[in-house]
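S.K.: Sequence and computational prediction follow.
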Amino acid sequence: MEFKYFNIADVVEVLPRVFGDARGAFFESFSAEKMTAAGITGDWVQDNQSRSDRGVVRGLHFQAPPFAQAKMVRVAAGRALDVIVDIRKDSPTYGQHIAVELDAERYNMLYVPVGFAHGFTALEDNTLFLYKCTNYYAPQAEGGLRWNDPALGIDWGVTDATVSAKDQVLPLLKDFVSPF
Ligand SMILES: Cc1cn([C@H]2C[C@H](O)[C@@H](COP(=O)(O)OP(=O)(O)O[C@H]3O[C@H](C)C(=O)[C@H](O)[C@H]3O)O2)c(=O)[nH]c1=O
C-alpha cells in the first residue's frame with residue numbers, strides 16, 4: 001500500500017497493492033494500521049455505496065460540524081473522477097480543488113479530510129462508488145457548493161452531466177459561508 005500527498009494539506013491518495021492472477025485480483029481495501037500511519041485518521045462508523053451511470057455528477061456535498069465527516073472513497077466497478085474542494089476558512093488553499101480519477105483496475109482510494117466538499121463524476125455506466133465515513137448521516141447538517149460554479153473552475157470530465165435538482169441549486173462560492 002503506497003500513499004501520495006498533494007499541495008493541499010491532509011489529502012491522501014491510497015494506492016493498494018493489487019494481486020492479480022488467473023482468477024482475477026485481490027487487494028486490501030482498508031487497513032487501520034497502515035492508513036493511520038499514513039496520516040489517515042478517523043473513527044469510521046458508516047459505509048455508503050452508490051451506483052451511477054456515465055455522466056452522473058453527485059456533489060459537491062459536506063456535513064457541517066458537529067456532524068462533519070472525513071471520507072475514504074473508491075470505486076468497486078467502473079471509473080469516477082473524484083473532486084474535493086478545500087473549504088477550510090483559514091486554509092491557504094481555500095476554494096482550491098483536487099481531482100483524482102478512481103478506477104477498478106488500480107483500485108486507488110482518496111482520503112477526504114473534514115473541511116472539504118466532495119463530489120464525483122461517473123465516467124462509465126454502472127460505476128459502484130463506495131466510501132467510509134467518520135460520522136453518521138445527518139441530513140440537518142448537510143451543505144454544499146454548486147458543482148459547475150465557474151469560480152471553482154472544475155472540469156468534471158463530461159459535458160452532458162446528470163445532476164439532482166437539489167445539487168443544481170447549491171450555493172455559489174461567492175455566496176457561501178463555510179462552517180469549517
Ligand atoms: C448521504 C446519505 C443519503 N441517504 C439517503 C438520502 C436520500 O434519500 C438518498 C440519496 O441521497 P443523496 O441524493 O444525498 O445522495 P448523493 O447525492 O449520492 O449524496 C452523496 O454524494 C456525495 C458525493 C457525498 O460525498 C455524500 O456522501 C453524499 O452527500 O439517500 C442516506 O440514507 N444516508 C446517507 O448517508
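M.R.: Perfect, I can see it now.
S.K.: Pull up the residues of the chain that are close to the ligand.
M.R.: 48, 50, 58, 59, 61, 118, 119, 120, 137, 164 (CB under 6 Å from any ligand atom). Quick note: C-beta positions are derived from backbone N, CA and C, even for glycine.
S.K.: In a markdown table: those residues, plus secondary structure and neighbour count.
M.R.: Listed next are these as a markdown table, based on DSSP: H, G, I helix; E, B strand; the rest coil; neighbours: other CB atoms under 10 Å:
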| residue | secondary structure | neighbour count |
| --- | --- | --- |
| 48 | strand | 13 |
| 50 | strand | 14 |
| 58 | strand | 19 |
| 59 | strand | 24 |
| 61 | strand | 18 |
| 118 | strand | 20 |
| 119 | strand | 26 |
| 120 | strand | 29 |
| 137 | coil | 12 |
| 164 | coil | 13 |
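S.K.: I'd like the residues you listed written out as CSV, with distance to residue 175 and pLDDT added.
M.R.: Below are the residues of the chain next to the ligand laid out as CSV (distance: CB to CB, whole Å; pLDDT from 0 to 100):
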residue, distance to residue 175, pLDDT
48, 28, 98
50, 27, 98
58, 21, 98
59, 17, 97
61, 17, 98
118, 19, 98
119, 18, 98
120, 23, 98
137, 25, 98
164, 19, 98
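S.K.: what would the residues you listed look like in CSV with distance to residue 25?
M.R.: Listed next are the residues of the chain next to the ligand as CSV, based on distance: CB to CB, whole Å:
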residue, distance to residue 25
48, 23
50, 22
58, 26
59, 28
61, 30
118, 26
119, 27
120, 22
137, 31
164, 33
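S.K.: Of those, which pair is most distant in space?
M.R.: Pairwise distances across the residues of the chain next to the ligand peak at 17.8 Å for 120 and 137 (criterion: CB to CB).
S.K.: follow-up on the earlier one: just the residues of the chain next to the ligand now: which is nearest residue 157?
M.R.: residue 120 (9.7 Å).
S.K.: pretty sure the closest one contacts residue 79?
M.R.: No: contact criterion CB atoms under 8 Å: residue 120 and residue 79 do not qualify, at 10.1 Å.
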